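Chemist: please find the sequence and the predicted model below.
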Amino acid sequence: MEPQIQYARSGNVHIAYATFGDGPIDFVCVPGFVSAVDLTLDGPFGAAVARLARVGRVVTFDKRGTGLSDRVAELPNLDTRMDDLRAVMDAAGIERAHLAGVSEGGPMSIVFAATFPDRTLSLLLYGSFACFVRAEDHPWMPTREERESVAARGAEAWGSGIPLSTFFARDERTPELLALAARYESRAASPGAMLDLVRMNAAIDVRAILPAISVPTLVVHAAGDRIIPVESGRYLADRIPGAHIVELPIQGHLTRRPDATDAWLDDYLEMVTGTRPAGPVVDRVLSTVLFTDIVGSTEHAARAGDAAWRQTLDRHDTAVAAEL
C-alpha cells in the first residue's frame, strides 16, 4: 500500500498530505512533534494506519515547516496549524472526519473539535496533553527550561536517529529502529526547526477548552511514558466529557509493538463504527502445491509438460516454490 501524496494550499503555503485506503469512513491523523508522510507506514503508527485503511480512508499530513510541506521562516501558532488541518480536509474533500491527534497533534485536534464541532465526528488522543510545560495542576511536566535543555542536546545529534529513538522503550531501540529514526529526522525537519517546534510547544495550553468537547473521545497513553507522563492523559480523560482512557503497559512514548497497537485499536474501531472487531486481522494466502510425474515419458516430454504447467501457474500469478 503506497501513500498517495498530494498538496493542499493554506494561504501561500503548500501542505503535503498522504491518503491511504478509500473506504466510506474518513480518518484524519494529526501528527506529533515532527513527521514525514512518505514514511508513515514505516513509523510507529504504520500498522494502525494500514488497519484503518481497510475500513475507511486515512489522511495524514506534514505540518508547515516539516516533512514534505513548505519550509517557512517562522513556525506558526496553534490557530494557524489548525487552519492547515482545515485546508487539508477541504483539499481531500472531507466534510466530517474522525480526528486522531498524536502527542502535539492532540491539542490541535482539541482546538479544531471545539471550533468546528460540525466537522468532527470523534477524537483519538494518543500520548497527548493539554499543557506542555509545568503548571500548578501539571506538576508532573518538565519546566520550560528543562524542555529547551533536552531539545538543545537533541539538536546536536539530530539526523543520527538518537533523539527520536529515545521516544521508544529501551528494548525496542534496535539498529533497525535507529536507522529508521535517522531517516525520519533527516526527512522531517532541520535541527533549527526542531528547536523552534519545542519552543512553540511550550506555549500550548488548551486546558480551558476541554469541557467544550462534545464528540466521543478515546485517550490512549503509555503508563511508562517519560516524554509526556501518563498523568497528562488522565487529565484529558477526566476533563473531556464522556472520554474513555486506555493505559498501555509499555515504557515508551511511542511503540512499534503489534500487541500494544491491538490493545487500543479495537476500542477505537468500536467507538467509531459501533461494532467491536471480531478478532485480530490476519492476512491469509491460499497456496497450492503441484506435483507432476509423467509416467513413462521421455526427458524431452517431461520438460515440455513442466513448461506447460509453468505457463498455467504464471497466468494465475502463482510462484513455483520448488522442483522435485
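Modeler: That came in fine, so what should we check first? Numbering: from 1, shown residues only.

Chemist: pLDDT below threshold where in the stretch 1-150 of the chain?
Modeler: Residue ranges of the stretch 1-150 of the chain with pLDDT under 70: 1.

Chemist: the helices in it, which residues?
Modeler: Using DSSP state H, counting those that start in this stretch, the helices of the stretch 1-150 of the chain run over 46-52, 78-91, 105-115, 144-157.

Chemist: highest average neighbour count across those?
Modeler: For these, the largest average neighbour count (mean count of other C-beta atoms under 10 Å) is found in helix 105-115, namely a mean of 24. All C-beta spots, glycine's among them, are computed from the backbone N, C-alpha and C.

Chemist: next, the residue positioned nearest the centre of the chain: phi, psi?
Modeler: Nearest to the mean C-alpha position of the chain, by C-alpha atoms, centre = their mean, lies Phe45 at 3.8 Å. Backbone geometry at Phe45, expressed as degrees, to the nearest 10, gives phi -110, psi 20.

Chemist: show me the strands in the protein, by range?
Modeler: Counting by DSSP state E, the chain has strands at residues 4-10, 13-20, 25-30, 56-61, 97-102, 120-126, 217-222, 244-248.

Chemist: so which of those is nearest Thr273?
Modeler: strand 25-30 (7.3 Å; C-beta to C-beta).

Chemist: now do that closest one: distance to the chain's middle.
Modeler: 10 Å (C-alpha atoms, centre = their mean, to the nearest Å).

Chemist: try stretch 47-57
Modeler: On C-alpha atoms, centre = their mean, the centre of stretch 47-57 falls 11 Å from the chain's centre.

Chemist: extract the C-alpha set from that stretch and format it as PDB.
Modeler: This file holds the C-alpha atoms of stretch 47-57, laid out as PDB (Å, rounded to 0.1, in the frame of the first residue of the first chain):
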ATOM      1  CA  ALA A  47       0.200  -0.900  11.400                       C
ATOM      2  CA  ALA A  48      -2.700   1.200  12.800                       C
ATOM      3  CA  VAL A  49      -3.000   3.200   9.500                       C
ATOM      4  CA  ALA A  50      -2.900   0.100   7.400                       C
ATOM      5  CA  ARG A  51      -5.700  -1.500   9.500                       C
ATOM      6  CA  LEU A  52      -7.800   1.700   9.500                       C
ATOM      7  CA  ALA A  53      -7.400   1.900   5.700                       C
ATOM      8  CA  ARG A  54      -9.200  -1.400   5.400                       C
ATOM      9  CA  VAL A  55     -12.400   0.200   6.700                       C
ATOM     10  CA  GLY A  56     -12.000   3.800   5.500                       C
ATOM     11  CA  ARG A  57      -9.900   6.500   4.100                       C
END
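
Chemist: for Arg234, give its distance to Leu248.
Modeler: Distance, Arg234 to Leu248, using C-beta to C-beta, to the nearest Å: 13 Å.

Chemist: higher neighbour count, these two?
Modeler: The neighbour comparison of Arg234 against Leu248 (other C-beta atoms under 10 Å) goes to Leu248, with 23 against 15.

Chemist: leaving out the residues flanking it, which one is nearest to that one?
Modeler: Leaving aside its sequence neighbours, Leu248 sits nearest to Ala222 (C-beta to C-beta, 6 or more residues apart in numbering; 4.7 Å).

Chemist: tally up the residues packed near the one you found, please.
Modeler: The number of residues packed near Ala222 is 24, by other C-beta under 10 Å.

Chemist: and if you look at Val30?
Modeler: For Val30, the neighbour count with other C-beta under 10 Å is 31.

Chemist: ok, now the one 5 residues further on?
Modeler: Using other C-beta under 10 Å, the number of residues around Ser35 comes to 29.

Chemist: OK, contacts around it?
Modeler: By C-beta atoms under 8 Å, 6 or more residues apart in numbering, Ser35 lies in contact with 60-63, 66-67, 188.
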